[in-house]
Each structure stands twice: as C-alpha cells, then as structure tokens.
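>>> Need a 3D model of the following:
(chains A and B)
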Amino acid sequence: MNIPVTERIVHDGTPDSTELLAQTWSDPPGLIGWLSAVNHKAIGRRFIITTLGFFGAGGVLAALMRMQLMRPENDLIGMDLYNQLFSLHGTTMMFLFAVPVMQAVAIYLLPLMLGARSVAFPRMNAFAYWIFLFGGLMIYIAFLFNTGPDAGWFAYAPLTESEYSPGKRIDFWAQMITFTEVSALLEAIVIITTIFKLRAPGMRLNRMPLYVWAMLVTSFMILFAMPSVMLASTGLITDRLVNTHFYRPGDGGDPVLWQHLFWFFGHPEVYLIFIPGLGFLSAIIETFSRRPIFGYPAMVLALIATAFLGFGLWVHHMFAVNLPDLGKTFFTAASLLIAIPTATQIFCWIATLWKGRLNLRTPLLFVLAFFFILLMGGLTGLMLASVSLDLQVHDTYFVVAHLHYVLIGGAVFPLFGAIYYWFPKFTGRLMDERLGKWNFWLFFIGFNVAFFPMHILGLYGMPRRIYTYPEDMGWSAMNFTSTLGAVTIAVSMLLFVFNAIRSYRSGAMAENNPWSGGTLEWATDSPPSPHNFDVVPVVHGRYPLWEEQAKPEHVTGLAANHREQLITSVIDASPDHRSSFPEPSIWPFLSAIAVSILFIGSIYTPWAVVWASIPVAIALTAWFWPRKKETQHDLALEKSP
Amino acid sequence: MAISLNYISRDPAASVFASVSSDVGVGLRYLLYFAPALPILVLPHWAHAASFQNAMQPAGIQAEKILDLWWLTLGICTVVFIAVLAAFLYAVWRAPRANEQTGADISPLRSVEPLSKRAVLLAVAASTVLLFVLLIADVMTDRALAQLPLGDGIHIELTGHRWWWEARYTADPPSRMFNTANELHIPVGKPVVISLKSSDVIHSFWVPNLHGKKDLIPGRTTTITLRADKPGIYRGQCAEFCGYQHAKMALLVIAEPEAEYEAWAEQQRQSAAQPTTEPAIAGQQIFLGTTCISCHTVQGTPAQASLGPDLTHIASRQTIAAGTLPNTRAHLTAWVKDPQKIKLMANMPSSPLSGDELQAVIAYLETLK
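Numbers count the residues shown, from 1 in each chain, chains lettered A, B, ... in the order given. Modelled structure (predicted):
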C-alpha cells in the first residue's frame, strides 16, 4: 500500500483496516528485522526464553554441586571448580534468572492486561534485553574459559580484592552486575511508565489487576535497590582496576561497607523476586477459584508495605559482624514485622479459596505448592530474624534450605504456574495436563527431598560453601538424600521442557480465553496480534471480562498506519493524548554492542571507558537522530485540529 | 582425657585427599553402589550427626540458651504452619469443584463479606501477637547472652589466616603468654573472652556446641565470650567463605577441668625440649637448616617466624592442617612431604627433603610435645 507519510488513516474496524494496523505494529522480516524488533511480545518472548535458559544453566551447576556433596571427601569436582560452581549458581539464579524473568513475563503480559498496544519506550526495552543477553553470555563464556566468579554471589571484600583474587574472575562478575543492573533499571522504568501512562481508559488504579500492582511495586523496589549494588560493584571494580580504597582495610577502606551496600540491595532483592510471584498467585487463584481475590485494598497495601519494609531488614544478613546490639534488635523487629503483610495476603487467598469453586488444573497446583513451601520458608525466616538463632544457623545449610524454600516456593513454583496459565496466550496452544501434573508432583516431591534435610544439616553444624566434608561429621546420609532430591527435580525440569516443546508444536489449540479469566489479556487473540487489540477497550471494572460491559466499549480514532498509542492519566486513566510510538530500529541492538564493548573493555583497562565511549556516542546519536518520515508525520498531526 | 573423636582415630588409609579430579565415572559408580543401601541409609542413621559440631547438643550456657529459644520458636512456627495449612487444605477440600465453563462469581465486588473479613483480621491479629512473643523471647535471649559474667576469665587472641587459626593466650604478666594454633584448650565453667582478628579476608569463628558465630574482620577486632559447662572436644569451622580451602579451616576447642587446663597451659608456656634421640637431633638440624624456619616458630630455637602455625608443641595437638587430618605419624609425613596434595593452595610448599631427611624431621616434630 502506498500511503503518503503525512496521511493519517484512522482504523475503522474493517478487516482491511485491521490488516493495516497489524502491519503497522509488526516487526520487519529478515535477520536485520529480527535484530531491530521492538514489539513487546517479541522482546518479551526472547527475554523469557533467555532467562529460562539461564535457569537451566544454573540448575546444571547446582546438579554438579550436588554430585560433589553426595558423599564425604568426594573428589569428583575439585575445590577450585566447586567454588566457581556455587558462585556462578547463585549469581545466575539471582541476576540472570529470578529478577529478569519476572520483568520478561511482565514485558510480555502488561500491555495485554492494560489494554495497550506496546510497552512504553519500546526501543529502550529492546536495548535492555540485548544488554542483558550480552552480560549473561559474557559471564558464561568467561566461566567456560576458567574465569568464572569464585567468591560467592555476594562477593565479600576483601576476598574479592586483587590481593586475594588475582586474575579477572571477579572483574567479570562485577561487570556482569553492571550489565544486568542496567537492564533491570531500564526495564523497571519501562514497566512503571507502561503501568502509569498506557492503561486503557477507565482502568483506574483501583481497577488494576493485582499482578499489575505487584509489578509496579517490584519495579519501584528495583529503582531503589539496584543502584546500591551497582555502586558497590563499581567501587569494587575501581578498587581492582585503579587502586581506589573503598573496601581495603589496610588503606583506610572498610570491608563492612561492602556488606551494607550489598545487602541494602540484597534483601530487597528477595522481595522483588517474590512479589511478582505473589502477583502470579493472585491472577491464577482468582481465575481457578472463579471469584475475585478477597480484600483487594488489603492485598495492594500489603504489597506496598512489603516493599517499604523490605528496605529495613538488610542487617539481618550481618548479625555476626560487630554491630551494636540494640541496632540489631531493630532489624529483628523489622524482619518479624514484614511477616505481617505476607501473612495478610496468605489469609486473603485462603478466604478466596474458601468461598470459591475450584478448577483444579495444573496452574492451580503450582500455586497450592506455594502455600506449603513458602509458608515453611517464611517461618524459618522468622528464625533467621532472631539475632541469637541466626548466629547459630547463619552461613549454614539451614540458610540454604530457607532461601530455597522462599525463592523456589515464593517465585519459581508460581512462575511455573504462570507459564502453564499463560502458555496458551503466548503460543495459542495449551500445555499438556497429564505431563503438567507429573512435572508438578516430581518437582514438589524432589524439592522437599532435596532441601528439607538441609535444615537439619545446618543445625548439625554443616557450613555453606564447603566443597567437601569429613566422613565422621555424620552429614553423609542427609547429603545423599538431598542429591536424590536434586535428581528428581532435574527429571521434572526435563519433563517441563519436553511438555513445553511438544505443546508448542502440537498441543491442543487454545481459544482466546481458555480458562475463562476475567482480565483483559484474555480478550485478545491467542497468540495476540502484533497490535494486541483491534480496538482499544474501555474498562469499567476490575474484571472487564467477568463484569457486564458498559458503554463506551472501546476507543475509536487511533490511526491504522501509524504506531499510535493512547496515553492516559496516572490515577484515573482518563484519556489524555495520542502519542506516536517509535518504529523498529537496529540501533538499540548496535548500541548494546557498543556499550558491551565499553563494559568488557574496562575489565582490562580503565582507558576503555574513554575510547569505547566513542562508538557508544555514535550509536546513541544514530538511535535518537530524528527520521524524516517520523518528523513529517508528527508535523502533519500538529497541523490538523 | 578419655574423650576421643571418631574422626581423629580414623584409619588414615581410608581417606582420599586428591583434590582436583574430574572423574565422572567415580560419581556414577557411587550412585550404583549406594542405591541398594538406600533404605538402610535413610531410616536409622539418616540424621545421626556427630555430636562434636552440633548446635543441638549444647555444651555451654550460651548454646543452651539459644537452643531454648530454638525450641520455643520451632513450637510456635509449627503450630502456625499446621493451623494455616489446615485452614488452607480445608478450604480446598470444602470448596465445590468447577471448570472453565463455570461462571465467575462476582458478587463480592458489590457486597462486603463480613465473615471473611473478620476471619482474616483475626488471623492477622493472632500472627501479630505471636510475632511479639517471638520478639520478646529473642530480646530476652540476646540479653542473657550478653550478660555472661566475665570475672576471672581467660583471654585469647584468635587470628584467622587463610586457612588456619593462630591463637595467643594473653596473660598478665606477659611472660605467661603463649602461642598455639588450630586447637584451643579452655577450662570448664570459666568464661573465655576471645578477641577475633583476621590477617587477610573475613573469616567466622563458630563452635556450635558453645555459641553462635562471630566474624573475624580485617582491620577490626571483634569479641566473643563463651563458657563451656561440659568437658569435651568441640569442633568449630570457619563459617564465612574465605577462598579456596574454606572447607578445610577447622579448629578444636577442648574444654577440660581447670587443673588439666592449667597443666596444659603450663606445658604450652615452656620452650621446646631439646631432642635427645639420634634421628630427632638430625631432624632438628635439618629443620633449622631449611626453609621451615622462614615460616614457623619453635620456641627455644632460632626458628621464630610467624607466617605459619607455631610448632613449639605441635605433637601435643590432635590434628594437623587446621583440623584437616588427625595428628598421626603417617599424616604428618604426608603433610610435610606434599601439603598441596592434602590442601591445595595452602601457603606451605612441597618439601624438597629426601626420604631420610623427611623421616628425621618428622621424628623431631614428634618430640615437640
């Protein structure tokens, strides 16, 4: 079709017009087109698959560790490799899986749930994905060349200073932080802006799905938590590269400073992994109990309270450091306090299930496992909140058990439930129920067999991060059991991969709303068309698909041949203005390459920051250089009344 | 003393200490080997841990107080766990079943649900009360731990090195001070004040039978106070990851009646006795003539360096290489010959000594009681 750029064709609902709309919002074909993609679904899909790939890689590392610990005085894996395994396992799961996968799912789902055509800042979104991918690949390539991090995911100084960690292992780790945190911060901005400004008209804040609230709260937490770890790791890089003295006690630095900065990020990190999981839970529970979640205002306030309190707990990771006792008690109180909002949400969910009518499908099973596992993880968390109990179990396998109960129970089980739940939306096909139930039960049983014994191991004196242990410690049988559990988990994960691939190829076709959900994403096609909604809906309640539709039903007047998105107000989502969204562009990808060269180069020489800023400047300039076509279009719009 | 640790009297031939290997086959063979034994493993012996490094078997007042708090917390948490899970399971059990065709019940959007509201509020209130109980119990335990009377206690300065522990028993007058390594003796019933320092990275001192952890932080001095109330040998292990051999940085704390402790301390204060047997005399010559003395001290000889453990009374210790091996002749020989084989990356290099020289040095070390 040959339409002059300045001409604006309004979408009128005819098939031709809708075809044009789909074409407008499509990513270009070919390899260059693939690299230029900005559609949130394309980026979200890649992001989800990439993070799940890292989850698999982190799982392989864990399996290797369990092989080593299966018996006492094992010599299967050497000390040096083991130290790299546990460091990279923690690093992968925290930085390359748990946080980004939640953002990735949100990037895909939020516009669908909000009735939008795109995420805000789609090119920045693409850039965030590429920079994440490059950072993750970098650390794994370094690991394959025997330069994997070997000082834990927490990288305590001064062990990580060049005196005790010569070579480039720690530099790669610290720079991986820069990559992933840049990505996480950008995604947080994308998500917050999308939620605040791109909601369908009528979707006031108090009509947003709880999952959207969860992602909003998570993204704000990321904005406040991530800079702390970037600051910390940049200090570490400069300590190592140009001899600054942030954490070197001999030169007036302080290793405890690292711990404060790291845990000021590290504790909120737990909650910003776990809060999206709570969002998944609310979404799944309401659909499968066939009723709204009980206590919406309490649920929202609980999420916000968790976010605030999450920043006041970091010292409970540092009880063995010589800090003032009274100060520690404050952190005990705060750590106990944060149980209240979580408990509130659990009680509200139970109230929902109590009154609901249950459709016991695989997604709901994964959520039900949450109650068992996260509850136990939360209760052992109360034990860790206590200064004196923590002094016994801190840095033992008890903590390993606790954190896996919290993170796997609180985030991974809900995530798997979410994948089973939204898979038909992503692919247009349902996942196999029978395989799903096998996947679930093997995971649930394997998880408890693998991690429950670790509680006891910790109390029986087994410290974390040891590559071997003497036979007479009496830890052998429990470690062996734990390894068997790990094998079971591995089998369940293989089943999941098999199920996902098979269902993607030949699963039962899904309708638009296979579970009869109540939120907007179920109103679109499965999988959604490039523009998400043929007509932008107007929302009149919290569950647009469950409640009776009122007038007006949808928005008219958006162009079919230009990427136009309706921008609405923050609180009430009343229509505000039309905004032109950017076209696909190769420059986010090229900028990410330029920035990666700068980041990786500065591992080797501080001068890389100087010379590599030239390609970065060129790429960013090209990215933001006004295109004639877009300018003409915008000018044409300004003229029309 | 008649207390012995299994792991100290273990058959040395049974230990395999090759550090780096990538023999996957060994792991698989082990899996097959273990599989039939699994039921036996799982049932009676499953959680049968050693008693000498165990937070559940307190031997001191502090570990005991912490264990009391543990049982209280575990009790409350178990009740909460059962109650919440029961409510949840009951909810799932009683709720009628549905499928995708079941219409959604949106009545709660228009009406309040007073019963649910009351139940949730009540549950939140109960949780809050229980959390307060935990908080109060915790504060009381912390206070009790901090209030250990310290009069007439003994003072030890413990310095963490990668990967061993240097101990200095400070005393007044200073002539009564002495140094040792990787093994502390303490009198039962008397408070012990340990100042913790680190010469390199962060370590953590943890003897679970006696107390919780305290970090050893370079550039700072931290303090932990203990009291052992039962005589025994307690093992501790570095609890903060400190690099390659973090797994092999253990120490023993031997709590003994005061008289025995005093006898031990008096012996430790003595300089090393001059060797009397032929091989030991030769061994001393070799020891003093080689690089041994650039790291180690033997009081009463020219060996006065402090990069490695003080060897003045090494033969009186139960383990070598920071709790890694029982102190037997075979282990000592293997260690001096090639420490890297037992503890890769440790500071001690392999020794260039010939077989006879090595035997002589071992004979000398064995006289250092």
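
>>> Can you tell me the closest non-neighbouring residue to whichever residue of chain B sits closest to chain A?
The minimum distance from chain B to chain A, using CB to the nearest CB, falls at residue B:212 (2.4 Å). In short, each C-beta sits where N, CA and C put it, glycine included. Leaving out its chain neighbours, the residue that sits closest to residue B:212 by CB to CB, 6 or more residues apart in numbering or on different chains is residue A:391, at 2.4 Å.

>>> List of residues touching the helix or strand hosting that neighbour?
For residue A:391, the host element (DSSP states H and E) is helix A:387-393. Contact with helix A:387-393 is made by A:316, A:319-320, A:325, A:328-329, A:332, A:383-384, A:399, A:458-459, B:55, B:63, B:65-66, B:69-70, B:73, B:138, B:141-142, B:145, B:208, B:211-214, as judged by CB atoms under 8 Å, 6 or more residues apart in numbering or on different chains.

>>> and residue B:130, how many neighbours?
For residue B:130, the count of nearby residues is 18 (other CB atoms under 10 Å in any protein chain shown).

>>> could you measure the nearest residue to it once chain neighbours are set aside against residue A:382, distance?
In this structure, residue B:130 finds its nearest non-sequential neighbour in residue B:76, 5.6 Å apart by CB to CB, 6+ apart. Distance check for residue B:76 against residue A:382: by CB to CB, to the nearest Å, it reads 8 Å.

>>> Compare the two (neighbour count), which wins?
Taking neighbours as other CB under 10 Å, residue B:76 and residue A:382 compare with residue A:382 leading, 23 against 17.

>>> was I right about that one contacting residue B:74?
No - contact criterion CB atoms under 8 Å: residue A:382 and residue B:74 do not qualify, at 10.2 Å.

>>> thinking again about what came up before, could you see whether chain B lies near the next helix or strand after the helix holding residue A:391?
Following helix A:387-393 in sequence order, the next helix or strand is helix A:397-407 (DSSP H and E). No - using CB under 8 Å from any CB of the partner chain, helix A:397-407 never reaches chain B; the gap is at least 9.0 Å.

>>> Show the average pLDDT along helix A:397-407.
Regarding helix A:397-407, the rounded mean pLDDT is 97.

>>> Next: stretch A:452-465.
On average, the pLDDT along stretch A:452-465 is 95.

>>> now the end-to-end length of it.
One end of stretch A:452-465 sits 18 Å from the other (CA to CA, to the nearest Å).

>>> Would you show me how to pick out the buried ones of the contacts of helix A:387-393 in ChimeraX?
Command for ChimeraX that selects the buried part of these, burial taken from 16 or more other CB atoms under 10 Å in any protein chain shown:
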select /A:316,319,320,328,329,332,383,384,399,458,459 /B:55,63,65,66,69,70,73,138,141,142,145,208,211,212,213,214
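
>>> among the contacts of helix A:387-393, which are in helices?
Among these, the residues falling in helices (DSSP state H) are A:325, A:328-329, A:332, A:383-384, A:399, A:458-459, B:63, B:65-66, B:69-70, B:73, B:138, B:141-142, B:145.

>>> just to revisit the earlier point, would you check that the residue nearest to residue B:130 makes contact with residue B:134?
Yes - with contact defined as CB under 8 Å, residue B:76 and residue B:134 form a contacting pair (6.4 Å).

>>> Now do the contacts for residue A:635.
Residue A:635 touches residue A:6, counting by CB under 8 Å, 6+ apart.

>>> Now do the same for it: helix, strand or coil?
Classification of residue A:635 using DSSP: H, G, I helix; E, B strand; the rest coil returns helix.

>>> What separation is there between residue A:98 and chain B?
21 Å (CB to the nearest CB, to the nearest Å).

>>> Could you say which helix or strand holds the residue nearest to that residue when sequence neighbours are not counted?
Excluding its sequence neighbours, the residue lying closest to residue A:98 (CB to CB, 6+ apart) is residue A:273, at 4.3 Å. Using DSSP H and E, residue A:273 sits within helix A:255-288.

>>> next one: that helix to chain centre, how far?
9 Å (CA atoms, centre = their mean, to the nearest Å).

>>> Which positions in it come out as buried?
For helix A:255-288, using 16+ other CB under 10 Å, the buried residues are A:255-256, A:258-288.

>>> quick one: the strands in the stretch 51-200 of chain B?
B:154-161, B:164-170, B:178-181, B:183-187, B:191-198 (DSSP state E, counting those that start in this stretch).

>>> highest average neighbour count across these?
strand B:183-187 (a mean of 24; mean count of other CB atoms under 10 Å in any protein chain shown).

>>> Parallel or antiparallel, which strands does that one pair with?
Using DSSP bridges, strand B:183-187 pairs in its sheet with strand B:250-256 (parallel).

>>> CA-only coordinates of the following helix or strand past the partner strand, as CSV, when you get a sec.
Using DSSP H and E, the helix or strand that directly follows strand B:250-256 along the chain is helix B:258-269. The C-alpha coordinates for helix B:258-269 follow below in CSV (Å, rounded to 0.1, in the frame of the first residue of the first chain):
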residue,chain,number,x,y,z
GLU,B,258,40.6,-26.4,85.4
ALA,B,259,43.5,-28.4,86.8
GLU,B,260,44.0,-30.2,83.5
TYR,B,261,43.7,-26.9,81.7
GLU,B,262,46.3,-25.3,83.9
ALA,B,263,48.7,-28.2,83.3
TRP,B,264,48.2,-27.9,79.6
ALA,B,265,48.8,-24.1,79.7
GLU,B,266,51.9,-24.5,81.8
GLN,B,267,53.3,-27.0,79.3
GLN,B,268,52.5,-24.7,76.4
ARG,B,269,54.4,-21.9,78.1
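
>>> Check which helices and strands helix B:258-269 sits against.
strand B:178-181, strand B:183-187 (3 or more CB pairs under 8 Å, 6 or more residues apart in numbering or on different chains; DSSP states H and E).

>>> so which of the strands of the stretch 51-200 of chain B gets nearest residue B:281?
strand B:178-181 (24.5 Å; CB to CB).

>>> which other residues reach the closest one?
Counting by CB under 8 Å, 6+ apart, B:164-169, B:265, B:268-269, B:297, B:309-310, B:312-313, B:317, B:322 sit against strand B:178-181.

>>> Greatest separation within the residues you listed: which pair is it?
B:269 and B:322 (22.8 Å).

>>> lowest-pLDDT helix or strand in chain A?
helix A:628-639 (a mean of 75; mean pLDDT, DSSP states H and E).

>>> Could you see whether chain B lies near stretch A:153-163?
Yes - judged by CB under 8 Å from any CB, stretch A:153-163 comes into contact with chain B through A:156, A:158-159.

>>> distance between the ends of that stretch?
Across stretch A:153-163, first to last residue, CA to CA, it's 19 Å.

>>> likewise stretch A:425-436?
17 Å.

>>> Tell me the residue of the stretch 351-500 of chain A that sits nearest chain B?
residue A:391 (2.4 Å).

>>> and that residue, how many residues sit next to it?
26.

>>> Also residue B:93?
Residue B:93 has 8 nearby residues by other CB under 10 Å.

>>> same thing with residue B:358?
18.

>>> how about the nearest residue to it, chain neighbours excluded?
Residue B:358 sits nearest to residue B:337 (CB to CB, 6+ apart), 5.9 Å away.
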